[in-house]
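Build me a structure from this.
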Amino acid sequence: MNSLNADIPSALFNGRSLVSIDLSVNTLHGRIPHFVSDLLPRLQYLSLARNNLSGTIPKSIGNISSLTYLDLSDNILEGSIPKTLGINSNLLQHVNLYNNYLSGEVPDSIYNITTLTYLNLNDNELSGTLPSTIGHTLPNIETIDLGVNWFVGPIPTSLSNASHLQNIVLTANSLYGKVPTNLGSLHNLSYLDLSWNQLESGDWSFFSSLTHCKKLRILNLISNNLTGNLPITVGNLTTELERLLMGSNNISGIIPYEIGNLVNLTALYLDQNLFTGMVRPSIGYLCNLDILDLSKNMLSGPIPFSIGNLTKLSELWLMENQLTGAIPTSIGNCSNLFRLKLCSNNLEGIIPKEIFGITTLSQEVDLANNLLEGTIPWEVGSLKNLPYLDLSNNNLQGEIPLSLGDCQVLQQLKLGGNHFEGSIPESLRNLRGIEYLDLSLNNLSGKIPEYFDSFRSLKYLNLSFNALEGNVPEGGIFSNASAVFLHGNLGLCGGNSLLNFPPCPVDSSKHKRNFVKQYIIIIATCIASISFLIVIISTIFSRLKNKKDTQHEGTGSEVEMYKKVSYYDLLKATDRFSLANFIGRGNFGSVYKGTLDGEGQVAIKVFNLDQTGAHRSFNTECESLRNIRHRNLVGVITSCSTVNPRGNEFKALVLKYITNGSLEEWIHPKVEGKKLSLEHRIYFALDMASAVSYLHHHCTPPLAHCDLKPSNVLVDGDMNALVSDFGLAKFLPSPASQNSTSLMGLKGTIGYIAPEYAMGGQISIHGDVYSYGILLLEMLTGKRPTDDMFNGGLNLRSYVNAAFPEKIGEILDTTISEEIEDLLMHECAISLFRIDLSCSEEAPKDRISMWDVATEISLLKERFLNKEIPVGGTN
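Coordinates of the predicted model:
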């Protein structure tokens, strides 16, 4: 991988004897030269993958008769595939056009390249039908990937003649008809993905055929029109099978006992079908399972005790069935579990304490809408990494355990619709990150804790239909009447007038207070009892109705804190990730503009998980954005972590869409009208300093951004600067001055990386201070730190330092140089340069802190800027 950021170098096309060109994984832009065949007649290998190339594929590429390898994937090419490609290609073996914006029908010449072993046209906008002779005309093909396009019609039965086939990917098209019954003759077949089409199962003979594919590892049939009973021949599939994905169909009958023969399965998806009967104990033979999803069926009977044999399980989905009996204590053996969803069944008995001994639970535990009883085990406090706990709508009783306050990562806690009593425990004050709290429909008494109004993250609070009394707090979330639900507590008074509670009495005798209190308690008890009876009856009828009418819909009774989005929500929001919505490409993926239902315009960051570090980047951004809130940090709306229609892992972040582009575009404008005054630059400097100071000095633990640069700072419609992109961020040990882990693997951006990092130093907050200083020097001078003028020991800092303070007028960005003719603004610029130079000192210990930077710039703003600046920049 290099860092080329330009058009394709023209010098390459002067070498007529060149046989190989690999310019992949850069940021090349522009068009591919049209007369490439005349310029490079001997070319054998051409890879321009993972760039920003646009325009169409030149017809002349098809005239390079010596070409064996062509990879133009991961660009923004459009138009049709040229009909010349393949006509003169008697040697071509590899064609990869994945992830572009190509449209129209695939020319017949492509399907007639008899030497072809690899064909990938995935993720384009291609249409038409697949030729019936494809298996005859591509006799040497090993991989054919036509997924995520608009192909229609049946799957050609001739595919079975391509005996070398190892990978067939036809996901996310509009293919229909029956799955071919002769695919079993493909003895080398390893990966078969027919998901997200309209294919039918017929008599399931295709399944019997696939039992002859002894190398099959992945079989993906998700979201088709498969019907009828799953045959027992499922147990005759090769034991090499690792992923069996058949969710979102209409398969009925029982789950065959023989499925337990597939002992190497790591993922089994049978969700959203019509399966009945019990969960077979033979499931316990699948000891390598990582994900088991049997949700949204009509399964009944108990959860088998053998589920505890699945010690490698990370996700267990059994929700929305008709399961009965107790939750088996053996689930406690699933010591790698991070998500447990057993909600919306008829499970009874107590919650096993063994569940709360699974300390790896770090995504969610959802046991809602069952018939569970008893108390919440004290061991719940062991779930110190759990953000989501839902035990609502059961028959749980007793007091809310004090140990729940030890779950300090909790963001959503739902205990409504039970029989909890006593006061709301003081220990819940430790849930500082709580965003959604529902304790409604219980028998809780006492006062509303005053600490609730100090929860800055809390966005939804439901305490309705309890026996709470006393004064309603007015600060924090209680100032937002639409986010607080307190009705059904007749002893409450005061608070926000929009909550419609009577004022609290000011002067009254003890006797009168006791009388009123007793009177209220009597009335409240009567009304609460009647209300509770109504709720119970309504709940019973509602459950009966839900069980009868649907197996596919959730309860829908509560608004989730973060809207859950699927891959197809994002596909719809971006018009299939269309070129029109493409914003740009960063270190670990691409960013698209989209319109999401209920959110309006959003920015969707899709991670390229083939890129080294992309998984870590996604996890880091999720962790960072989950724990930080600041007006000058780009806000996250939600995330999507799933499997795409190709069966591959898919991760994306949905962020607030920022309308005015990046600071890079304002410092180095390519269009008229984007000009920044010195005043705007000072405001931007303060915005960024406030954000980074917050990360360093107000986050626990402190957070180092590790990649501050103009393109990672966005500008909103009110001309506020917002720091974004936490893909390289690292949490540091406290106190913040300590170092964290070694720098191994950190990339950052050349020109902005602190010098100690280049020497193998450890990550610290001082590195961000240096990057911030360089960024501000660039903002004031208009010169990039990577400018060609900086060589031979001269860099941006030494360039500024040599001119400071007498000659700063000579180095200022020319668009603001006239402003410092005013003596006051000249002094202001000197002060700002002094701060920047203090940030970018060579030695970390000599740099000032971001706290001091924010303070200094705030004082500078108050001293020199005493008028309001216009929104939108200076023209």
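
For the stretch 151-300 of the chain, which segments count as strands?
Ranges of strands in the stretch 151-300 of the chain, per DSSP state E, counting those that start in this stretch, are 167-169, 174-178, 191-193, 198-200, 218-220, 227-229, 243-245, 250-254, 267-269, 274-276, 291-293, 300-301.

so what's residue 76 closest to, chain neighbours aside?
Setting aside the residues directly before and after it, residue 76 is nearest to residue 54 in space (Cβ to Cβ, 6 or more residues apart in numbering), at 5.0 Å. C-betas here are computed from N, CA, C, even on glycine.

ok, that neighbour touching residue 100?
No - the criterion here is Cβ atoms under 8 Å, and residue 54 misses it with residue 100 at 9.6 Å.

Could you check which of those two has the larger neighbour count?
residue 100 (25 against 16; other Cβ atoms under 10 Å).

how about the helices of the stretch 1-150 of the chain, start to end?
For the stretch 1-150 of the chain, the helices defined by DSSP state H, counting those that start in this stretch occupy 36-39, 108-111, 134-137.

next one: the stretch 451-600 of the chain
510-549, 567-573.

For the last one, buried residues please.
Of the residues in helix 567-573, those with enough neighbours to count as buried (16 or more other Cβ atoms under 10 Å) are 567, 569, 570, 571, 573.

which one of these sits closest to residue 261?
Set against residue 261, the nearest of the buried residues of helix 567-573 by Cβ to Cβ is residue 567 (30.9 Å).

Now render the helices of the stretch 1-150 of the chain as CSV, adding distance to residue 618 and mean neighbour count.
Shown next, in CSV, are the helices of the stretch 1-150 of the chain (distance: least, Cβ to Cβ, whole Å; neighbours: other Cβ atoms under 10 Å):
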stretch, distance to residue 618, mean neighbour count
helix 36-39, 37, 18
helix 108-111, 35, 18
helix 134-137, 37, 19
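
Which one, of these, ends up nearest to residue 226?
Each of the helices of the stretch 1-150 of the chain has some distance to residue 226 by Cβ to Cβ; the shortest is helix 134-137, at 23.3 Å.

What's the mean pLDDT across that closest one?
Across helix 134-137, the average pLDDT comes to 96.

hey, least reliable of the helices of the stretch 451-600 of the chain by pLDDT?
Sorting the helices of the stretch 451-600 of the chain by mean pLDDT places helix 510-549 lowest, at a mean of 51.

before we move on, the earlier item: using a markdown table, lay out the strands of the stretch 151-300 of the chain together with distance to residue 712, mean neighbour count and mean pLDDT.
Formatted as a markdown table, the strands of the stretch 151-300 of the chain follow (distance: least, Cβ to Cβ, whole Å; neighbours: other Cβ atoms under 10 Å; pLDDT from 0 to 100):
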| stretch | distance to residue 712 | mean neighbour count | mean pLDDT |
| --- | --- | --- | --- |
| strand 167-169 | 35 | 22 | 97 |
| strand 174-178 | 40 | 16 | 96 |
| strand 191-193 | 36 | 23 | 97 |
| strand 198-200 | 43 | 18 | 96 |
| strand 218-220 | 37 | 22 | 97 |
| strand 227-229 | 50 | 15 | 96 |
| strand 243-245 | 37 | 21 | 97 |
| strand 250-254 | 47 | 16 | 96 |
| strand 267-269 | 36 | 21 | 97 |
| strand 274-276 | 48 | 18 | 96 |
| strand 291-293 | 34 | 20 | 97 |
| strand 300-301 | 53 | 16 | 94 |
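
low pLDDT regions in this structure?
For the chain, the stretches with pLDDT under 70 are 1-6, 10-15, 507-564, 587, 623-627, 645-647, 673, 734-748, 866-875.

From residue 606, how far off is the residue most central in space within it?
Nearest to the geometric centre of the chain sits residue 639, at 3.1 Å (Cα atoms, centre = their mean). Look at residue 639 and residue 606: by Cβ to Cβ, to the nearest Å, they are 11 Å apart.

which residues are in contact with both of these two?
Shared contacts of residue 639 and residue 606, defined by Cβ atoms under 8 Å, 6 or more residues apart in numbering, are found at 651, 652.

which residues do residue 54 and residue 100 both contact?
The contact sets of residue 54 and residue 100 overlap at 75, 76, 77, 78 (Cβ under 8 Å, 6+ apart).

Show me how the record splits the chain into domains.
Following automatic domain parsing, the chain resolves into domains at 567-656, 663-864.

Can you give me the end-to-end span of the shortest one?
Across its full length, domain 567-656 reaches 18 Å between end residues, using Cα to Cα, to the nearest Å.

same deal with stretch 360-375?
The separation between the terminal residues of stretch 360-375, taken as Cα to Cα, is 22 Å.

Checking my notes, residue 862 in a strand, right?
No - the assignment for residue 862, made by DSSP: H, G, I helix; E, B strand; the rest coil, is helix rather than a strand.

Number the residues from 36 up from this point.
From this message on, residue numbering opens at 36, which makes the last subject residue 897.
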